[in-house]
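*Asks:* Could you work out the structure for the sequence below:
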Amino acid sequence: MGQAQEAEPPYLSTKSCLQHGGAEPLSREGASAQDTCRGSRKEKLTSQAYALGAVSNSMSTFLTFPIYKFVFRQQIHAMAVSEAVRQLWHEGPQYFYRGTYPPLLSKTLQRTLLFGTYDSLLCFLSPVGPHTLGHHWVAGVMSGLVEAVALSPFERVQNVLQDGHKQARFPSSFNILEEFNSYGLWGQLSRGYYRGFWPVLARNSLGSALYFSFKHPIQDGLAEQGLPHWVPALVSGSVNETITCLVLYPLIVLVGNMQSHIGWQSMPSLWVSAQDVWNTWGQKLLLIYRGGSLVILRSRVTWGLTTAIHEYLQRKSHSRKELKTD
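*Replies:* Prediction:
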């Protein structure tokens with residue numbers, strides 16, 4: 001591997017465990033790569049990156065929440081955008097941001113878990129680099145798994161809150177939690193907080209693996225064109241998430257339908273839920289993608305900004321470290 005380093009793609013030879021967003025190799029003569037993966041410097045850098053990523057993602061989530069709510073109504077009720085708009089307008093402005101608190105909290109935690117677990121696993125798999133495509137893929141899958149286990153309950157509550165058919169029965173998150181807690185220990189997990197967990201696990205693991213595997217090849221390719229340093233990161237996050245959404249959108253629809261269902265007696269299985277979604281959308285894959293354009297738009301904005309800000313912070317932190325070293 002070391003002898004062929006000059007012939008490797010840029011993302012194998014120029015990126016360390018923290019992927020410092022510039023085109024300049026982080027390790028000079030291979031001496032500082034291991035130090036990047038260990039010690040207080042990494043802890044300081046990652047804490048700064050997580051803080052800025054959490055703030056930027058909270059703002060993006062709040063601004064794009066109405067788009068997500070329109071899409072969610074389409075996914076579970078098979079309605080057009082105009083019909084979803086009329087439904088939300090009829091419900092009134094007091095319900096427009098109903099269900100926004102769970103995604104604000106979950107998305108903030110999501111970025112911390114996603115990037116933190118990914119960086120840690122990447123350092124574990126290859127402490128001194130270079131990182132192969134397999135390293136990025138495995139670290140992405142595992143970070144998605146951790147994310148699914150930790151945050152699936154937040155998404156479950158959010159999806160129940162956003163279902164317009166359940167506003168009278170469950171006017172707040174407290175009512176939903178009270179319902180889940182009445183199921184018993186196993187019921188709380190399987191039918192309550194972790195309803196729809198397996199499609200969530202598949203969506204998050206595959207999505208994270210795709211994002212981290214193709215993020216740096218796209219970004220490094222654009223960086224070679226002499227563009228401003230923030231442009232490759234912004235475009236990479238947007239394009240990458242567009243591809244990921246197109247591939248995984250059927251799973252997104254299935255998760256929304258499964259997690260919006262509530263009740264102890266009549267909880268359909270994964271297979272029955274998938275069949276129900278397929279039949280509801282007329283057994284046509286193209287119809288399942290109805291509303292997907294809004295999902296892609298929201299994801300492109302959110303992940304483009306998150307990627308650009310994350311890379312910008314890493315670049316600034318690396319520059320300050322070099323100044324102190326010099």
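*Asks:* which residues of the stretch 101-250 of the chain score low on pLDDT?
*Replies:* Scanning the stretch 101-250 of the chain for pLDDT under 70 picks out 102-103, 129.
*Asks:* So which residues of it form helices?
*Replies:* 101-125, 133-162, 173-181, 185-187, 197-223, 230-260 (DSSP state H, counting those that start in this stretch).
*Asks:* So which other helices or strands are in contact with the third one?
*Replies:* It refers to helix 173-181. Under the contact definition 3 or more CB pairs under 8 Å, 6 or more residues apart in numbering; DSSP states H and E, helix 173-181 sits against helix 133-162. All C-beta spots, glycine's among them, are computed from the backbone N, C-alpha and C.
*Asks:* For the helix it packs on, buried residues please.
*Replies:* Neighbour counts over helix 133-162 (16 or more other CB atoms under 10 Å) mark 135-136, 138-144, 146-148, 151-162 as buried.
*Asks:* rewinding a little: S82: which of the helices of the stretch 101-250 of the chain is closest?
*Replies:* helix 133-162 (18.5 Å; CB to CB).
*Asks:* Show me what that closest one is packed against.
*Replies:* Counting contacts by 3+ CB pairs under 8 Å, 6+ apart, helix 133-162 is packed against helix 40-77, helix 101-125, helix 173-181, helix 197-223, helix 230-260.
*Asks:* Take the ones you listed and lay them out in a markdown table including mean neighbour count and distance to Q188.
*Replies:* Below are those laid out as a markdown table (neighbours: other CB atoms under 10 Å; distance: least, CB to CB, whole Å):
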| stretch | mean neighbour count | distance to Q188 |
| --- | --- | --- |
| helix 40-77 | 18 | 23 |
| helix 101-125 | 20 | 17 |
| helix 173-181 | 16 | 5 |
| helix 197-223 | 21 | 13 |
| helix 230-260 | 21 | 15 |
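*Asks:* give the contact list for Q188.
*Replies:* Contacts for Q188 (CB atoms under 8 Å, 6 or more residues apart in numbering) come out as 180-181.
*Asks:* mind running it again at 10 Å?
*Replies:* By CB atoms under 10 Å, 6 or more residues apart in numbering, the contact set of Q188 is 153, 177, 179-182, 194.
*Asks:* same question, W303
*Replies:* Per CB under 10 Å, 6+ apart, neighbours of W303: 57, 60, 211, 215, 234, 236-242, 244-245.
*Asks:* again with L114
*Replies:* If a contact means CB under 10 Å, 6+ apart, then L114 has 50, 53, 107, 140, 143-144, 146-147, 151, 204, 207-208, 211-212, 306 as its contacts.
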